[in-house]
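Undergrad: Fold the following, please.
(chains A and B)
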Amino acid sequence: MKIELPQVGESVTEGIIGKWLVAVGDKVEKYDPIVEVVTDKVAMELPSPVSGTLREIIALEGETIPMGGIIADIESENEEATPTNAKENQPDLEAHSKPGKEIGTTGILLKDVAPVGPTGSGGIIDSTSSQGDRDIRSRIIYSPAVMRLAEIHDVNLEMVTGTGRNGRVTKKDLQNFIDSEKTPVDSKNVDRDDKKSANTDSVPTENTYPNVLGNNEEKITLSPVRKIIASNMVKSATLIPQAWSLVEVDVNGLVELRNKVKDDFQKREKVNLTYLPFVLKAVSESLKEIPLLNSSWNEDSIILKHQINLGIAVAAPDGLVVPVIENADALSISGLAHKLDDLTTRAREGKLTVSDVQSGTFTVNNTGALGSIASQPLVNYPQAGIITTEAIVKRPVVVNDAIAIRSIMNICLSFDHRIIDGEQASGFNRSVKDRLESINLNTQIY
Amino acid sequence: MTIKTVLEAVHDAMQEEMRRDETVFVMGEDIGARGGVFLATEGFLQEFGENRVIDTPLAESSIAGVALGAAMHGMRPIAEIEFGDFIWPTINQIVGEAAKVRYGTKGKLNAPMVLRAPHGGGVRGALYHSQSVEAFFAHTPGLKVVTPSTPYDAKGLLKSAIRDDDPVIFLEHKRTYRLVRGEVPDDEYTLPIGKADLKREGSDVTIITYGLMLHHCLEAAETVEMDDIDVEVLDLRTVRPLDTDAILATTRKTGKVLIVHEDNKALGIGAEVSAIISENAFEYLDGPVARLAGPEIPAMPFAPPLEDMYMIDSEKIANSIRQLAEY
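TA: Okay, the predicted model is just below:
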């Protein structure tokens, strides 16, 4: 039985195959985890849909597979062993492994190329294949021009980053790759110091970093999670023009309240009462007051989100994850504390599901837990804003013209400057600040 | 060099050829006393007299037939069909007879005639004054079909058509007549039929086009410069015979080809160009050969917004270039 990568979330289109937890020939029970899969939302273990023996692993560790793509073949207990080649159903993968000869003629493969591009003044793109199909095909079918060039220059096309539709490698991509490869090869014999000085005026990019490692250098292969974090950060940094603002918050009242109630709370509720639920409460109330912060940029419009779903940045063992508290504005401080405890625990154990991490509309990052007193976060694409809560420190401040020692916390807001002007951003910061500063011993936490 | 319109270029080419060669004469509806419905033959009757400037009855089949007969007997007629839309009655004389004269007589006879016709849309001409007719004639071996886009090309190519020893269909786009101006040499010159002309050099995407569309393509090429797309534009100038060498050279250079024509897409000139490319330059392709052409609608709509929808413009072309460049 062919095992497909299941659809795990509405906006998820592909997953990166992580570690295989079973080997070919292993027996698996139905629901046993067989492989780790990382999507742009979450990492998870994929349970086996049947009991049987793993016949073949089709998608290898590190490969990106569209939802619905075949990843393995399991001989189910009810199924007669049939010596079929599982790969037969994936002509595209087949083609991928043998660039050159097979595809060099017209016919089948050309027909398989999803019709794209200008097809008349009506601009209708007629295609019966699903989006997933198209993605995988365009990912691994190279144009004749690209294959010809690759053969001439003896290039392994898997090394080339594609900028074409769905990551297709265009002729231009390959030409750029060939040009960039030439430079380090030519300068191989050049003395190291000379090379350094020669390189100072050219800006190094991912693709042009020399393949040759220095004596004191080590190459760390990217984990699937690291890859996804990297791509999300690049999206944020390149697609969103961001601005940043910081305000200082006097949280003396908050500190007093928490100190007073935290032990009782722990006893009764069995979860810690940190400062974060108070911040989440204040942020969701302020989002209600200034709804524009709870939105997404949409090229020619702004999509305003009526639901307040707060993403919480959590440092998990593999890297950053951002589980979401849906309808955060409807929860009390206590409710938020419970929800937070559940999400962070599961995040650290790697047990989040896709539904835990999707549909966030605004993000809160408690950088103060790490001791930071100011940070400039990157907006969690495609949201409009992210706020950090920094470490609470005691500082001498002026209160009623006298010097007093107070607990002070900075909050930092990064925002999509296309949607939000400084006025709304400052208004939002002020709103959060006012709410946090108004907390005192009488504030209700239930 | 003098700045001329396409119409002036056509007028001058015929006038010069009639002065040069006594066997050249013009015939057609309204071309004499009226000087032609677009004034392409203005002043001809006065200069050359009614034996060489013949007003004909409203009967296209006989215009073509008379011209063919004269051509087979040593004359070089330039027959004008007032609008390309009314060229259909000539099909029997042109496709059925003129195209086959040299072949059918083992070269004993030939038919050095030119059939001129203004054609094309975008002039609020509706069903009967907007048609594109090139594909019907271009299918026929034995004919040459010329579709110039600039005054320089129109004059040089029309002179070559008149001097050609076999039938030439010369299709002038109505909208270029007064809209397109360009430099034309004052000295005598001709341009070879069957040679395309690279109107713009580029490296990312090639557009292959002809006629009025050339100008929209050049406009679009400039627009997408802002998207960092470097567009090459090849003007076919002649749609039969096609300049295969030029088509393949530009394909090998850019690897991505967009064919643009006003005529509808199915079985049009673009289909032939596309086939030539995939038969001969498959290994050089970096994307599907794309076509942007008129819709599959029986005729040009009368309502202006619908005509605008029908016509290819530079915006549609720019979008198609972007799609192909991105592929």
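Undergrad: Please make it C-alpha for all contacts and neighbour counts, starting now.
TA: OK.
Undergrad: contacts for stretch B:241-249?
TA: B:138, B:144-145, B:193-196, B:208, B:234, B:236, B:273, B:276-277, B:280-281 (C-alpha atoms under 8 Å, 6 or more residues apart in numbering or on different chains).
Undergrad: Find the closest residue to chain A in the stretch 101-250 of chain B.
TA: B:Asp204 (8.1 Å; C-alpha to the nearest C-alpha).
Undergrad: I figured that residue was touching B:Glu232, is that so?
TA: Yes - assessed by C-alpha atoms under 8 Å, B:Asp204 is found in contact with B:Glu232 at 7.5 Å.
Undergrad: Between those two, tell me which one has more neighbours.
TA: B:Glu232 (25 against 20; other C-alpha atoms under 10 Å in any protein chain shown).
Undergrad: In contact with the more buried one: list those residues for me.
TA: B:Leu198, B:Lys199, B:Arg200, B:Glu201, B:Gly202, B:Ser203, B:Asp204, B:Val205, B:Thr206, B:Ile207, B:Ala221, B:Thr250.
Undergrad: If you drop the residues flanking it in sequence, what lies closest to it?
TA: Distance criterion C-alpha to C-alpha, 6 or more residues apart in numbering or on different chains; nearest residue to B:Glu232, sequence neighbours excluded, is B:Gly202 at 4.0 Å.
Undergrad: need the residues of the stretch 201-350 of chain A near chain B, please.
TA: By C-alpha under 8 Å from any C-alpha of the partner chain, no residue of the stretch 201-350 of chain A approaches chain B.
Undergrad: quick one: low-confidence parts of the stretch 201-350 of chain A?
TA: A:201-212 (pLDDT under 70).
Undergrad: Quick one: the helices in it, in order.
TA: Assigned by DSSP state H, counting those that start in this stretch, the helices in the stretch 201-350 of chain A fall at A:224-239, A:252-269, A:276-289, A:333-348.
Undergrad: and what of the stretch 1-150 of chain A?
TA: Counting by DSSP H, counting those that start in this stretch, the helices of the stretch 1-150 of chain A are A:91-97, A:108-112, A:131-140, A:144-153.
Undergrad: How about chain B?
TA: In chain B, the segments counted as helices under DSSP state H are B:6-20, B:44-48, B:60-72, B:91, B:101-104, B:134-138, B:151-163, B:174-179, B:213-223, B:244-254, B:269-280, B:304-310, B:314-326.
Undergrad: Tell me the helices and strands packed up against the third one.
TA: If contacts are counted by 3 or more C-alpha pairs under 8 Å, 6 or more residues apart in numbering or on different chains; DSSP states H and E, helix B:60-72 sits against strand B:76-80.
Undergrad: Relative to the strand it packs on, what are the paired strands and their orientations?
TA: With DSSP bridges as the criterion, the sheet partners recorded for strand B:76-80 are strand B:24-28 (parallel), strand B:114-119 (parallel).
Undergrad: Distance to A:Ile17 added to the ones you listed, as TSV?
TA: Below are the strands paired with strand B:76-80 laid out as TSV (distance: least, C-alpha to C-alpha, whole Å):
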stretch	distance to A:Ile17
strand B:24-28	75
strand B:114-119	60
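Undergrad: domain assignment for the chain?
TA: Picking chain A for this. For chain A, automatic domain parsing gives the domain ranges A:2-89, A:95-117+A:124-208, A:228-437.
Undergrad: The intended chain is chain B.
TA: B:2-184, B:197-326.
Undergrad: In CSV: the domains of chain A, plus mean neighbour count.
TA: What follows is those, written out as CSV (neighbours: other C-alpha atoms under 10 Å in any protein chain shown):
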stretch, mean neighbour count
domain A:2-89, 18
domain A:95-117+A:124-208, 15
domain A:228-437, 18
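Undergrad: if you skip the residues just before and after it, what's nearest to B:Thr90?
TA: In space, B:Thr90 is closest to B:Ser61, 4.6 Å off (C-alpha to C-alpha, 6+ apart).
Undergrad: Verify the stated contact: that neighbour with B:Val95.
TA: No - applying C-alpha under 8 Å as the test, B:Ser61 and B:Val95 come out as separate, 11.8 Å apart.
Undergrad: Touching both of those two, which residues are there?
TA: Common neighbours of B:Ser61 and B:Val95 (C-alpha under 8 Å, 6+ apart) do not exist.
Undergrad: picking that back up, which stretch in the helices of the stretch 1-150 of chain A is the model least sure about?
TA: The minimum mean pLDDT among the helices of the stretch 1-150 of chain A belongs to helix A:108-112 (a mean of 27).
Undergrad: circling back: in contact with the residue of the stretch 101-250 of chain B closest to chain A, which residues are there?
TA: By C-alpha under 8 Å, 6+ apart, the contact set of B:Asp204 is B:Ile229, B:Asp230, B:Val231, B:Glu232, B:Thr254, B:Gly255, B:Lys256, B:Ala325.
Undergrad: Which pair in the residues you listed has the greatest spatial separation?
TA: B:Ile229 and B:Gly255 (13.5 Å; C-alpha to C-alpha).
Undergrad: Compare the contacts of B:Asp204 and tell me which has the most neighbours.
TA: B:Gly255 (29 neighbours).
Undergrad: follow-up on the earlier one: let me know which of the helices of chain B is tucked in deepest.
TA: Counting by mean count of other C-alpha atoms under 10 Å in any protein chain shown, helix B:151-163 has the highest mean neighbour count of the helices of chain B, with a mean of 25.
Undergrad: thinking again about what came up before, any residues in contact with both of B:Ile229 and B:Gly255?
TA: B:Asp204, B:Val205.
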